[in-house]
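Q: the sequence isn't on hand, but the structure is:
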């Protein structure tokens, strides 16, 4: 029978697990060790099976682990640390742009960053891809959406280039609610006017002088507010799609009466199943626009309206030129779900009559 031997373990053996130490299935550390003081912690020994260890061999092993630091020669060369050259970090704005899901998932056109009122904002630009250039269109999205919104905005910005129109869909500020849970829209109207101006300037830099603005939902109200009272501005025509303010909106600058002060041709188009606020104010928009058209005729201020269709005002036989047309699309809802093709057809048809553009040779490029 083999003789049993015993040995005294060195001091460092206290770091090995005592037999009675708690164990965790799978060998992981127990969660309650996280809150245990370091002086009371012990390393866990995961195996459940017991192994026979020859005590002299274990003694030599533990003695080797407990060698004093003097066992390492002082003149031993230090381990070489490989040099690390940090990779360049992109600027925050560039990083944010790269991570913007609208840019990453863009399927039509390209991203174009613009600036207005000291703020950068995103625009999605698509060149006209037909042989007959018409001009440029600025698209304004609705409340709580974005410049590539799948309802109304994307169908228009991706389809109009084939009709000769370059499109620039721009980002409007995010809405906020006040203490009464009402939408505070005044900042959006103020910033939106500056962004429309910046977008028009960008289109002019692309050589486009015939510029139209199309606004859906709140975007239409922002455009109406920006155009009211402007004489001889960059915008030559305006299309309002489902124009209306969201419920529970605080008092703001937009009112249907603003249509009386708009001196460019206007198409006011909405669905028969549109939001109540859009349909309830349709009559007020039409009356204001026709009132403004009649005033322009009486004062012979017809230059902005000379490309508009001649229409009759019910109360007058001498209506002259009028810059407003209202269309209700039967069966369409606020987002024109399932009616996108008809919406595009109505808008492009109206643009051909009232905002058609033509290519103009730049005299500066003419040979001398």
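A: Looks like it came in fine. Because the structure is predicted, anything quoted here is derived from the model rather than measured.
Q: output the below-cut-off pLDDT ranges for the chain.
A: 1-99, 294-322, 360-368 (pLDDT under 70).
Q: just the buried positions in the strand ranked longest in it, please.
A: Using DSSP state E, we find that the single longest strand of the chain is strand 324-333. Residues of strand 324-333 classed as buried: 324-326, 329, 332-333 (neighbour count, 16 or more other CB atoms under 10 Å). All C-beta atoms are positioned from the backbone trio N, CA, C, and that covers glycine.
Q: could you say which helix or strand holds residue 278?
A: According to DSSP states H and E, residue 278 maps onto helix 276-280.
Q: what of residue 246?
A: Here residue 246 is assigned to no helix or strand, by DSSP H and E.
Q: same check on residue 166?
A: strand 165-170.
Q: sorry, back to before: looking at the buried residues of strand 324-333, which is nearest residue 249?
A: Comparing the buried residues of strand 324-333 against residue 249 with CB to CB picks out residue 333 as the nearest, at 20.3 Å.
Q: stretch 265-273: which residues count as buried?
A: 265-271.
Q: residues near residue 162, how many?
A: The number of residues packed near residue 162 is 12, by other CB atoms under 10 Å.
Q: Provide the secondary structure category for it.
A: helix (DSSP: H, G, I helix; E, B strand; the rest coil).
Q: show me the contacts for residue 194.
A: Applying CB atoms under 8 Å, 6 or more residues apart in numbering, we find residue 194 in contact with 116-117.
Q: touching stretch 338-351 from outside, list them.
A: 134, 152, 155-156, 159-160, 163, 165, 212, 214, 237, 239, 241, 267, 269, 271, 325, 327, 329, 331-333, 336.
Q: let me see the contact set for the spatially closest residue to residue 271 that is not a sequence neighbour.
A: Excluding the flanking residues, the one nearest residue 271 by CB to CB, 6 or more residues apart in numbering is residue 332, at 2.9 Å. Counting by CB under 8 Å, 6+ apart, residue 332 touches 270-274, 338-339, 342-343.
Q: what does residue 235 give?
A: 138, 196, 200, 211-213, 227, 264.
Q: just read off the phi/psi values of it.
A: phi -80, psi 130 (degrees, to the nearest 10).
Q: thinking again about what came up before, mind picking the two most distant members of the contacts of residue 332?
A: Comparing every pair within those by CB to CB identifies 270 and 338 as the most remote, at 15.4 Å.
Q: quick one: strands adjacent to the strand holding residue 166?
A: Note on strand 165-170: by DSSP bridges, its sheet partners are strand 119-126 (antiparallel), strand 135-140 (parallel).
Q: burial measure for the closest residue in space to residue 139 that isn't next to it in sequence, as a count.
A: Take residue 139 and drop its neighbours on the chain: the residue closest to it by CB to CB, 6+ apart is residue 169, 3.9 Å away. Per other CB under 10 Å, the neighbour tally for residue 169 reads 30.
Q: just checking, residue 169 touches residue 157?
A: Yes: assessed by CB atoms under 8 Å, residue 169 is found in contact with residue 157 at 4.7 Å.
Q: list residues touching both of those two?
A: 124, 139, 147-148.
Q: widest-spaced pair of these?
A: 139 and 148 (9.8 Å).
Q: shared neighbours, these two?
A: 157, 169.
Q: which residues does the residue nearest to residue 178 when sequence neighbours are not counted bridge with?
A: Nearest residue to residue 178, sequence neighbours excluded (CB to CB, 6+ apart): residue 184, at 5.2 Å. Applying DSSP bridges to residue 184 gives these bridge partners: residue 176.
Q: and residue 184, how far is that from residue 123?
A: From residue 184 over to residue 123 the distance is 24 Å, taken as CB to CB, to the nearest Å.
Q: can you pull out the helices in the stretch 251-368 of the chain?
A: 276-280, 282-298, 340-354 (DSSP state H, counting those that start in this stretch).
Q: helices or strands up against the helix holding residue 278?
A: Contacting helix 276-280 under the criterion 3 or more CB pairs under 8 Å, 6 or more residues apart in numbering; DSSP states H and E is no other helix or strand.
Q: give the buried residues for it.
A: By neighbour count with 16+ other CB under 10 Å, helix 276-280 contains the buried residues 277-279.
Q: what about residue 201, which helix or strand?
A: Residue-wise, residue 201 maps onto helix 186-205 under DSSP H and E.
Q: residue 111 now?
A: Per DSSP H and E: strand 110-116 holds residue 111.
Q: got the buried residues for that strand?
A: 111-112, 114, 116.
Q: for these, which one is nearest residue 105?
A: residue 111 (11.1 Å).
Q: which ones are touching residue 128?
A: Applying CB under 8 Å, 6+ apart, the residues near residue 128 are 134, 161, 163-166.
Q: using JSON lines, lay out those together with neighbour count and distance to residue 189.
A: Shown next, in JSON lines, are the contacts of residue 128 (neighbours: other CB atoms under 10 Å; distance: CB to CB, whole Å):
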{"residue": "134", "neighbour count": "24", "distance to residue 189": "28"}
{"residue": "161", "neighbour count": "19", "distance to residue 189": "29"}
{"residue": "163", "neighbour count": "18", "distance to residue 189": "30"}
{"residue": "164", "neighbour count": "21", "distance to residue 189": "31"}
{"residue": "165", "neighbour count": "29", "distance to residue 189": "26"}
{"residue": "166", "neighbour count": "23", "distance to residue 189": "26"}
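Q: before I go, just wanted to say thanks for your time.
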